[in-house]
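Engineer: Got a predicted model here, sequence first, then my questions.
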Amino acid sequence: NPVALMQLASATVCVLIRTSAMGYQLPPAVKRFLSDPVITVVGFSWDSADELKMMSSFSFGRGVFASFYDLQAVASGLGYHRFGLARLAKQVLGFDLPKSRKVSCSNWAQRSLNMHQIKYAALDVFMCGQVYRGLRLWHSSPSPCATCHQPMGSQLEHEGMACATCGAMFKNFPDYYSHCLSKRHEVSYSLCASCGRAHRSGKVQQAAAASMSA
């Protein structure tokens, strides 16, 4: 299906562009806006579907954006692996982002959007930007988590997670944890209850410290 609605937001304003009411065409001014070098475009899990839908609907994708960040990739680099937008909003901002499959799968090309659709679409794009700003603020001035003591906002110390039993390497916690459970191997990483990121258990950290000092 072609893109029926494009959502844009700044820190204070949300704009919903109903391309379905424009013959599924995007106004040239919008394309110029997205390619403006002073504008940073932030998407979420863009390559999973948005890029293909943009290309098939408007014959251009993120290649025209002067500056682009995928929030999910940014969050993953800071230790939040495979977090959805709602989970990130809760973790970073303490905000419960309402998610409704009934609304998300509703008819966005209908003659008039109802208030549930308008609120859903506006909050979705607005929170994407707000979470990005929150992570950027953390990154500019990292501070240690009160529980796991890893600096929040900085790259995690480990570049991957190694299975303590077989040595297999994983780039993210979900894959690592799934492997350990399926193989019944020792789980030496866990998710911090405070910051939500993966960290090594105390025993593993002590072993690593001993190895470095030897």
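Structural biologist: Structure received. Numbering: from 1, shown residues only.
Engineer: Just the buried positions in stretch 129-141, please.
Structural biologist: Neighbour counts over stretch 129-141 (16 or more other Cβ atoms under 10 Å) mark 129-132, 134-135, 138-139 as buried. (Each C-beta comes from the backbone N, C-alpha and C, glycine too.)
Engineer: what about residue 197, distance to residue 57?
Structural biologist: 36 Å (Cβ to Cβ, to the nearest Å).
Engineer: Same drill for those two, tell me which one is more crowded.
Structural biologist: Counted by other Cβ atoms under 10 Å, residue 197 and residue 57 do not tie: residue 197 has more neighbours, with 21 against 17.
Engineer: which residues sit in contact with the closest residue to that one other than its chain neighbours?
Structural biologist: Excluding its sequence neighbours, the residue lying closest to residue 197 (Cβ to Cβ, 6 or more residues apart in numbering) is residue 79, at 3.5 Å. Counting by Cβ atoms under 8 Å, 6 or more residues apart in numbering, residue 79 makes contact with 150, 156, 195-198.
Engineer: Per-residue pLDDT of residue 79, please?
Structural biologist: Here the pLDDT value assigned to residue 79 is 85.
Engineer: tell me the secondary structure for it?
Structural biologist: Here residue 79 is recorded as coil under DSSP: H, G, I helix; E, B strand; the rest coil.
Engineer: Tell me the spacing between it and residue 85.
Structural biologist: Distance of residue 79 to residue 85, given as Cβ to Cβ: 17 Å.
Engineer: Any stretches of this structure with poor pLDDT?
Structural biologist: Scanning the chain for pLDDT under 70 picks out the ranges 156-159, 202-214.
Engineer: tell me the centre residue of it?
Structural biologist: Centroid-nearest residue in the chain: residue 72, 2.4 Å away (criterion: Cα atoms, centre = their mean).
Engineer: Doesn't that residue belong to a helix?
Structural biologist: Yes: judged by three-state DSSP, residue 72 forms part of a helix.
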